[in-house]
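Q: Give me the fold of what follows.
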Amino acid sequence: MSLPRFGEVWHAPSGSVLPGGMLCLIVSSDDYHRIRRQYIIVEVVTDPLSGDAIICSLGPVGVALTGAPFTVGPGWFAGTDEPIAIVDEAVARRAADQIRAILGP
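A: Reported below is the predicted structural model:
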């Protein structure tokens with residue numbers, strides 16, 4: 001199994017109480033993963049959204065919900081061996097920048 005990296009979209013089988021888990025974008029750096037043994041992620045959805053959600057379009061992959069980041073351990077991805085998609089670096093950085101703007105300096 002490869003380890004999740006910045007800008008990759010992974011399936012997290014146990015990431016939801018709903019059957020099927022969830023898709024998530026890795027928004028933390030590889031150094032963060034190595035040092036903390038954790039990942040900062042945001043959920044990725046493929047259905048259209050309504051309301052005031054803070055989002056970042058990932059193109060054909062879906063939409064990252066950048067207004068609600070959270071931290072998970074490596075066990076979150078148990079049962080998956082590789083990313084579902086790799087997002088263009090500029091798009092992944094835009095998603096990470098949105099999160100930094102929400103969290104503040």
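
Q: Only the buried residues of the strand or helix carrying residue 100, if you could.
A: Per DSSP states H and E: residue 100 is located in helix 89-103. Within helix 89-103, the residues scored as buried using 16 or more other C-beta atoms under 10 Å are 91-92, 94-96, 98-99. Every residue, glycine included, has its C-beta placed from N, CA and C.

Q: And for the residue most central in space within the chain, nearest residue in space, chain neighbours not counted?
A: Nearest to the mean C-alpha position of the chain, counting by C-alpha atoms, centre = their mean, stands residue 25 at 1.9 Å. Of all residues not flanking residue 25 in the chain, residue 64 sits nearest, at 4.7 Å (C-beta to C-beta, 6 or more residues apart in numbering).

Q: Please, where are all the strands along the chain?
A: 8-12, 22-26, 39-45, 56-57, 63-64, 70-72, 85-86 (DSSP state E).

Q: about what we covered before: number of nearby residues for the residue nearest to residue 25?
A: 31 (other C-beta atoms under 10 Å).

Q: got it, and residue 3?
A: Around residue 3 there are 13 residues (other C-beta under 10 Å).

Q: pLDDT wise, what is it at?
A: For residue 3, the model assigns a pLDDT of 90.

Q: correct me, but it touches residue 34?
A: No. Assessed by C-beta atoms under 8 Å, residue 3 is found out of contact with residue 34, at 9.1 Å.

Q: and the nearest residue to residue 67 once chain neighbours are set aside, what is it in contact with?
A: Leaving aside its chain neighbours, residue 67 sits nearest to residue 54 (3.1 Å; criterion: C-beta to C-beta, 6+ apart). Contacts for residue 54 (C-beta atoms under 8 Å, 6 or more residues apart in numbering) come out as 65-68, 98, 102.

Q: Thank you kindly, that will do.
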